[in-house]
Structure formats: C-alpha cells, structure tokens
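**Q** coordinates only, sequence not included:
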C-alpha cells in the first residue's frame, strides 16, 4: 500500500515537472515563430536547463521502467567478466572505472563535432533532435544491446544478429559492420587530423596522455592495486602538465618535433590505432579511457558552470536559410541531414559495437548496466548540447569563416567580426580550419575566458579544449579499431568454421594492421565534406541494425510486442531517415565530383545501404514469424491454466 502510494506521488511529480518543461519548450517555440529578433534574446542557460531537466527525468523514470519491466536486471547471475575471465579481454571492472571506459569509447567526435557542423541549420533543429533522439533512441539502443550481450556471454552484435534473426543476417551484419566501422573510424580520425595539424602545442598535449595512461595502469594494477584515487590524481597531473608546458615547448626548438602536417598525422594515427588495438585492455585502453573520461566530464561540468556565470547569448538564429539545402558545410536539407550529422550526440550505431564489444566483457554486476548503458548516453547528450551552445555563441560570420574554406567563405556574403581578436588571443590561425573541432574550441574558449578574471587565459582555454576534443576522439579510435579487429576475426571464423579462433599475437597483429590500413587510407585521401556525411550514414545504418536486433531480443525474452516497440519504432525512423540521406549523398554529393574518390565513396555507401536493406527485411520477416508463434502458443497456455 505504501509502495503504491509512493509510486503515485512520484508519478504526480513527474507529470508536474514534465508539464512545466513542456510549457517552457512551447513558449520558446512561440517566441521563435513570432519574434524575428530571437537571436538577441535567446540565452545558453535556457537551452541548458531544459536539456538537463529532460535527461534527468528520462534516467529516473524511463530507464527505471525498462530495467524493471522489460530487461529485469539480476545481480545474482554471473556476468561474462567473471565466467570467462582471462586478463586480456574479460576482466571484472569497478563500475566507475568501466563507466569511464565506456563513456570515453562511445563519445568520440560525434557529440562534439556533429552539433557544431549541424549548427549551419540554426540552433533549434540540432537542439530538438539531441533531446528526442538521445532519450527515445540512443539511450535505449545502448542499454538494450549491452544487456543482450551480457546475457549471451558477451556476444558481439554480429553474433547477436545471427542468434536472433538468422545465420544469413549474422553474416551480412558482420560484413556491414566492417564496412561501417571502417568508415566511422575514418570520420573520427579526420577530425583529429584537422585539429592537430601544424599545432605543436596541441600535439604535445595529446602525446602526454599516452605515458599518463601507461603509468596509471601500472600503478592501479601492479604497484598499488585498487588505489584508484591515487592513480587518477597522478594521471590528471601529467595530463594537465601537458597543457601547461605545451605552450613554452611550442615556442622552443623542441616544438618542431611535435609539428606535423595533415598527411603525416594521417599516417601516425592509424599506427597508433594498430598498437592500441593489440595491447591488453588493462594496459592502455581502459586506463586511458578512464582517465580521459573524467577529464572530459570535468571539462563539461566546468563549461556548465561557466554558462551559469556568463549566460552567453546565442548568436546563431533558430533556423538559417540552409535548412532548405545548399549549405557550405553539410550538403542537403535539415531533414534527414541534421539526424545524420549530429550522429553520436543523439543515437549512434557505433555505441552498439562498444556495448557488445569491450564493455560487456568487463561488467561486474548486471545492476551496473543502467548507469553505464543508459547513463553514459545521456551524459554524451549533455556534451552535445554544450558543443551546440559553444558553436552558436559565435557570430554567424565568424562561425562560417572557421568551418568553410577561405575561398568559399568569400562567396557567402558574411562578415567576419570577432575572429581576428580570437586568433590573436589564442595564438592560432583559425580561418578555414574546417571540421568543427577548431570552431568548438574557439567557442569554448570564448565562454570560459568571459568568466571574470579569465580573459588573459583564452590561449590556454583554446588548447585545453583542443586536447579535450582529441582525447574524446582518440579513445573511440583505439576502442573502435579493437572492436573492428574482433569482428574481422569473427568473419574469418564464419568463413572457415573448422579453423581455430585467432589467438596468436601474430594473427591478432595482422588483423589489427588490416583494419588500421583500411580506415587510414580513407583519412589520407578524404575531406570533411565527403567523409563526415558518409560516416553519419554508416553510423546510423548500424544503429538501425542494432535496434532491430534489440527488438527481436526483447520480443523473444518478454513475449510482449508492446515492450518491443521501444526499439522497433526508433528502428523504423532511423531506417527511413538514413536510407534517404544515403541516397542523397550518392546522387548529390559523391557522383557529381566525377573522380575516383567520389566514385569510391558512392560505391561504399551503396554497398552499406544494400546490406542494411537486406537485413531490415530479413528482420521484419523474423519479427512476423515470432509474433505468429507467440500468438499460436497463447491458446495452449490458456487451456493449460484452465
């Protein structure tokens, strides 16, 4: 009785808070519709409070509903980390450390760069998509796949598709994932290349995170086992030292050793990805992700504090003329491309690879799944909101001057206003630095340097922001390369069932090298206007596949079709949106280039689309079969009860 009353009270609070949130959002819509001077009255704090409120309610109520009514977590069941513990891939991990790894692995370039690039449509389309997509799509997607993998001995998405859909679907899913993840890694790495090129300060800072991670791992697991706080303080101190000493080093004769061109970085990054993918997870991957994740979260929290103090105005309009297409950054109309461009900031298929790759092999207890699966996605959505705010506090002319090649910017008819002052304060040339990372760092430095007493530190804030972004992305690159290695090895096993599983260091190194070379080629020969849309399409096609796998898993486990709708409805939306974007990319972006790279991108996109279409209809067929079998079994169960 008391429990029922408490739930009624919680429900009343939820309805009241939700009603107030909805009224606030509707009020903003009315302002957008009737006030042509909205760019002068919208403030960042309004967007931030609405988003934090929505995400908190989603975690408290929607996530709880899913774990108690649909998934039903059970801490008494041993997880794969305990059952198959081997010290390399399977390793029970503290939930806070694992949250750090998982968050760092899933939050690559998407939540940072995607919203920045999508700001060309105005701030409102991206803001609404992040709220809706993250709560109803991304967080559900991540938690369901993570739970399914943990309950099936840590199976990858490929094997989950084979188990829940069909053998054919499993094989095609593996091939599709390999195509998709290679494209995704190229898109992520290209952002790092653009951010670090010709900047010894930024490169030195990032380089320091590698020895920091190695020291943390040795300290945490060998020298002082279990002393997480001590290891964390040491690692953070080393990373901060990299930021502080990066400036004098860049001005000294040693700076030239950390000054690399884009082609050089396009070779260095795949080599790094290869090495990170074959080392034991506890040595570099997990501690580096853990260390960087809390640096990231700390930075975001500090940026939130800065927004509360400064409350900057949003300078970008709610909608720009580019919502109808013809944008200089991302070609195409606001739909479907805002959903594709923001990518990981709202929903990301790449997350399903982590949720069925490294993370389920390290889950200590099933109750950790809610925080790690659902919670990490919502934190990433907060990061996306912050990135959108940082980009849109820049004046439109300054924003486009950074994100568009100089020769193209002059054709837009926009004026540069504050950019020369920002360049002077940061000590970097920012105009024409496409890719989104530089404009995000500029926006963050503008906000943080506006805090009283911080104006003279803009240069440090800018380079700290560059380090912050590159850390986000590199942790995804090394995890993604490792996951791609897993999938490549699985495909070899499927092609040759009688062959042994690859366990030798030589075999692991060879598969890691092949994956690194594939995405490295795309980075070396691509640019942001071609790679990022292809990455977005590939990423969301993968999300569609994962949601379909989740639908069948829920339907089989619960035997209730209404419960399966939590993944099926987002799957339908993502399928329609992504297929549309993929076709438009081919016809309007790649083929008109009339060169080898354009034709290659078109061919890769066509293959990915074809594979996903096959799996989509195979899934619908399987869903129909399962529903019919459940319907036919129902009368027999009723008669047995009688």
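**A** Received it, and whenever you're ready, just let me know what you need. Keep in mind the model is a prediction, meaning the values are calculated, not measured.
**Q** Dihedrals phi and psi, residue 251?
**A** Phi and psi for residue 251, reported as degrees, to the nearest 10, are phi -90, psi 0.
**Q** Quick check, pLDDT for it.
**A** According to the prediction, residue 251 has pLDDT 80.
**Q** That one and residue 330: what is the separation?
**A** Separation of residue 251 from residue 330 (Cβ to Cβ, to the nearest Å): 36 Å. Placement of C-beta: from N, CA and C, glycine included.
**Q** And the two? Which one has more around it.
**A** residue 330 (25 against 12; other Cβ atoms under 10 Å).
**Q** Can you classify that one by secondary structure?
**A** coil (DSSP: H, G, I helix; E, B strand; the rest coil).
**Q** which residue sits closest to residue 426 in space, ignoring its chain neighbours?
**A** Using Cβ to Cβ, 6 or more residues apart in numbering and skipping the chain neighbours, the partner closest in space to residue 426 is residue 462 (4.1 Å).
**Q** Could I get the pLDDT score of that neighbour?
**A** 82.
**Q** so where do the helices sit in the stretch 151-300 of the chain?
**A** 157-164, 167-196, 200-218, 228-250, 262-278, 286-310 (DSSP state H, counting those that start in this stretch).
**Q** what's residue 313 sitting at in phi/psi?
**A** phi -80, psi 150.
**Q** before we move on, what about residue 330?
**A** According to degrees, to the nearest 10, residue 330 has phi -120, psi 120.
**Q** How much space separates it from residue 577?
**A** From residue 330 to residue 577 the distance is 14 Å (Cβ to Cβ).
**Q** residue contacts, residue 151?
**A** Residues in contact with residue 151 (Cβ atoms under 8 Å, 6 or more residues apart in numbering) are residue 77.
**Q** Distance check, it against residue 354.
**A** Residue 151 is 17 Å from residue 354, by Cβ to Cβ.
**Q** that older thread, dump the helices of the stretch 151-300 of the chain into a markdown table; add mean neighbour count and distance to residue 111 as well.
**A** Below are the helices of the stretch 151-300 of the chain laid out as a markdown table (neighbours: other Cβ atoms under 10 Å; distance: least, Cβ to Cβ, whole Å):
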| stretch | mean neighbour count | distance to residue 111 |
| --- | --- | --- |
| helix 157-164 | 24 | 21 |
| helix 167-196 | 25 | 11 |
| helix 200-218 | 22 | 18 |
| helix 228-250 | 17 | 20 |
| helix 262-278 | 19 | 20 |
| helix 286-310 | 21 | 10 |
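**Q** Kindly reformat these as CSV and extend each row with distance to residue 363.
**A** Converted to CSV, the helices of the stretch 151-300 of the chain look like this (distance: least, Cβ to Cβ, whole Å):
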stretch, distance to residue 363
helix 157-164, 16
helix 167-196, 21
helix 200-218, 20
helix 228-250, 17
helix 262-278, 21
helix 286-310, 13
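**Q** looking at this, residue 76 is in a strand?
**A** No - the assignment for residue 76, made by three-state DSSP, is coil rather than a strand.
**Q** Next, it: phi, psi?
**A** The phi/psi pair for residue 76 (degrees, to the nearest 10) is phi -80, psi -20.
**Q** OK, contacts around the residue positioned nearest the centre of the chain?
**A** Residue closest to the mean C-alpha point of the chain, counted by Cα atoms, centre = their mean, is residue 344 at 3.3 Å. Shown in contact with residue 344 (Cβ under 8 Å, 6+ apart): 106, 107, 108, 109, 110, 111, 114, 350, 351, 380, 384, 539.
**Q** for the protein, which helix is longest?
**A** Looking across the chain with DSSP state H, the single longest helix is helix 596-641.
**Q** angle of the helix or strand where the residue nearest to residue 426 lies against helix 200-218?
**A** Secondary structure from DSSP states H and E places residue 462 in helix 458-495. With axes from the mean of the first three to the mean of the last three Cα atoms, to 10 degrees defining the directions, helix 458-495 sits at 60 degrees from helix 200-218.
**Q** tell me the average confidence for the helix or strand hosting residue 129?
**A** Counting by DSSP H and E, the element that carries residue 129 is helix 123-133. The pLDDT scores in helix 123-133 average 94.
**Q** elements contacting that helix?
**A** helix 44-57, helix 110-118, helix 334-342, helix 376-392 (3 or more Cβ pairs under 8 Å, 6 or more residues apart in numbering; DSSP states H and E).
**Q** related to what we said a few turns ago, I'd like the distance between the residue nearest to the centre of the chain and residue 437.
**A** 14 Å.
**Q** likewise residue 178?
**A** Relative to residue 437, and taking Cβ to Cβ, residue 178 is found at 27 Å.
**Q** what number of residues lie near residue 199?
**A** Count around residue 199 with other Cβ under 10 Å applied: 24.
**Q** Enumerate every residue touching the residue lying closest to residue 180 once chain neighbours are set aside.
**A** Residue nearest to residue 180 in three dimensions, not counting chain neighbours: residue 538, with 4.1 Å by Cβ to Cβ, 6+ apart. By Cβ under 8 Å, 6+ apart, the contact list for residue 538 reads 179, 180, 181, 183, 184, 187, 349, 605, 608.
**Q** Thanks a lot, see you next time.
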